[in-house]
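Engineer: prediction below, plus the sequence it came from.
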Amino acid sequence: MKLRLHSRYQNSAGQRVRIVLNLKGLDYEYVAVTAPSSSSYSTINPQELMPTLEADGRFIAQSMAIVEFLEERYPNPSVFPVDAFLRADVRAFSHLITSDLHPINNNRVRRYLRDIVGADDDKAAGWYAHWIAKTFTSLETQLAKRSRQSVFCFSDEPTLADACLVPQIGNARRFNCDLSNYPLLLAVDAQCSKLDAFVRAAPETQPDFPG
């Protein structure tokens with residue numbers, strides 16, 4: 001099956017999909033998207049959100065739907081632990097990031113705050129930092145309550161939880177958020193930074209990265 005990922009270097013949803021593709025050892029073509037509202041992109045994804053996975057000429061939107069598709073079509077290696085309880089933990093951790101944090105901190109929300117609501121730069125930055133702190137505090141607590149400490153979030157091998165966490169930590173650093181209260185999250189991020197699957201998915205290693 002030929003896989004093409006339509007995304008952009010600075011797109012955390014696309015980054016998490018790239019990590020999963022790399023963890024599964026899947027070859028794919030990276031297609032840089034100049035603007036999600038462009039006519040060429042909106043034709044393949046009317047949601048005008050990134051990324052989109054193209055698989056044998058068919059298009060799949062939404063990063064978590066893409067991950068589910070990849071897991072079903074290419075189950076080995078899995079991005080979930082074997083244990084059912086740990087699988088649920090991974091899903092809960094991942095969805096807190098992808099369903100609760102990401103949607104209210106993404107570019108179009110911040111643009112609306114600035115252009116329509118009239119929030120200045122300090123207020124917009126405060127909005128972003130507030131939701132990062134609230135979410136990261138919950139994630140840190142979830143890791144602290146693990147029945148067994150592990151190298152990555154819920155396993156000694158990376159899972160979807162790690163693929164979702166790393167891009168958000170990168171975003172938080174880009175917006176100068178204080179991360180000193182989250183040592184467990186930072187420890188996971190440090191471990192992930194040593195793995196080729198995460199390095200190759202990072203924004204700065206994408207062909208459309210500026211410079």
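Structural biologist: Arrived safely. Numbers count the residues shown, from 1 in each chain.
Engineer: please count neighbours and contacts with C-alpha atoms only from this point.
Structural biologist: OK.
Engineer: next SSE downstream of the helix or strand in which H102 is found?
Structural biologist: Element membership of H102, judged by DSSP states H and E, is helix 102-105. Next helix or strand after helix 102-105 toward the C-terminus (DSSP H and E): helix 107-112.
Engineer: with only the CA atoms kept, save that following helix in CSV.
Structural biologist: The C-alpha coordinates for helix 107-112 follow below in CSV (Å, rounded to 0.1, in the frame of the first residue of the first chain):
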residue,chain,number,x,y,z
ASN,A,107,-3.7,28.1,15.5
ARG,A,108,-7.2,28.9,14.5
VAL,A,109,-8.4,29.3,18.1
ARG,A,110,-5.5,31.6,18.9
ARG,A,111,-6.2,33.6,15.7
TYR,A,112,-9.9,33.9,16.7
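Engineer: packing partners for the helix holding H102?
Structural biologist: On a contact count with 3 or more C-alpha pairs under 8 Å, 6 or more residues apart in numbering; DSSP states H and E, helix 102-105 meets no helix or strand.
Engineer: can you give me the buried ones in that helix?
Structural biologist: H102, N105 (16 or more other C-alpha atoms under 10 Å).
Engineer: cool, and stretch 66-77?
Structural biologist: I66, V67, L70, E71.
Engineer: same deal with stretch 53-70?
Structural biologist: Buried-residue list, stretch 53-70, by 16+ other C-alpha under 10 Å: L53, E54, F59, I60, A61, Q62, S63, M64, I66, V67, L70.
Engineer: what do you get for stretch 199-211?
Structural biologist: For stretch 199-211, by 16+ other C-alpha under 10 Å, it's R200, A201, A202, P203, Q206, D208.
Engineer: so which of the buried residues of stretch 53-70 belong to strands?
Structural biologist: Cross-referencing these against strands under DSSP state E gives L53, E54, F59, I60, A61.
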